[in-house]
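Peer 1: For reference, the sequence and a predicted model appear below.
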Amino acid sequence: MPTIKGLTENQVALLDEMWACDSFEEFENFLECLDPTDRAEAMRLQRLLLVEMLDEEMAAQNEYPEANMVIDRFRLTK
């Protein structure tokens, strides 16, 4: 799970609610219930989480370059 530092209490509360959503539809319903300011903040947090998750994925892939080269030879798509 990504770690994000320096968040406000409101951002943490929004993220807690976002993580509690069991589906994208539930997340969309959650967004619709927010006032415009919180909705915009939740969307920024969603993008921030996606970037953090991509960063973690890239770091993990670069952690074992030799192993990834071997695995890449067996991938169906690159």
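Peer 2: Received the coordinates, thanks. Residues are numbered from 1 along each chain as shown.
Peer 1: Do a quick rundown of the strands in the protein.
Peer 2: For the chain, no strands are identified by DSSP state E.
Peer 1: where are the low-confidence patches of it?
Peer 2: Within the chain, the segments meeting pLDDT under 70 span 1-2, 77-78.
Peer 1: Going by neighbour count, which residues in the biggest helix by length in it are buried?
Peer 2: Counting residues, the longest helix found in the chain (DSSP state H) is helix 36-63. For helix 36-63, the buried set under the neighbour-count rule, 16 or more other CB atoms under 10 Å, comprises 38, 41-42, 45, 49. Bear in mind the C-beta positions are built from the backbone N, C-alpha and C, glycine included.
Peer 1: helices or strands next to that helix in the packing?
Peer 2: Helix 36-63 is packed against helix 9-20, helix 24-33, with contacts defined by 3 or more CB pairs under 8 Å, 6 or more residues apart in numbering; DSSP states H and E.
Peer 1: Indicate which one of the ones you listed is closest to M53.
Peer 2: Closest to M53 of the helices and strands packed on helix 36-63, according to CB to CB: helix 9-20, at 12.8 Å.
Peer 1: What lies in contact with that closest one?
Peer 2: Taking contacts as CB atoms under 8 Å, 6 or more residues apart in numbering, the residues outside helix 9-20 that touch it are 4, 7, 27, 30, 38, 41-42, 45-46, 49.
Peer 1: Those into CSV, with extra columns for distance to V70?
Peer 2: Formatted as CSV, those follow (distance: CB to CB, whole Å):
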residue, distance to V70
I4, 33
L7, 39
F27, 38
F30, 42
D38, 47
E41, 43
A42, 41
L45, 37
Q46, 35
L49, 31
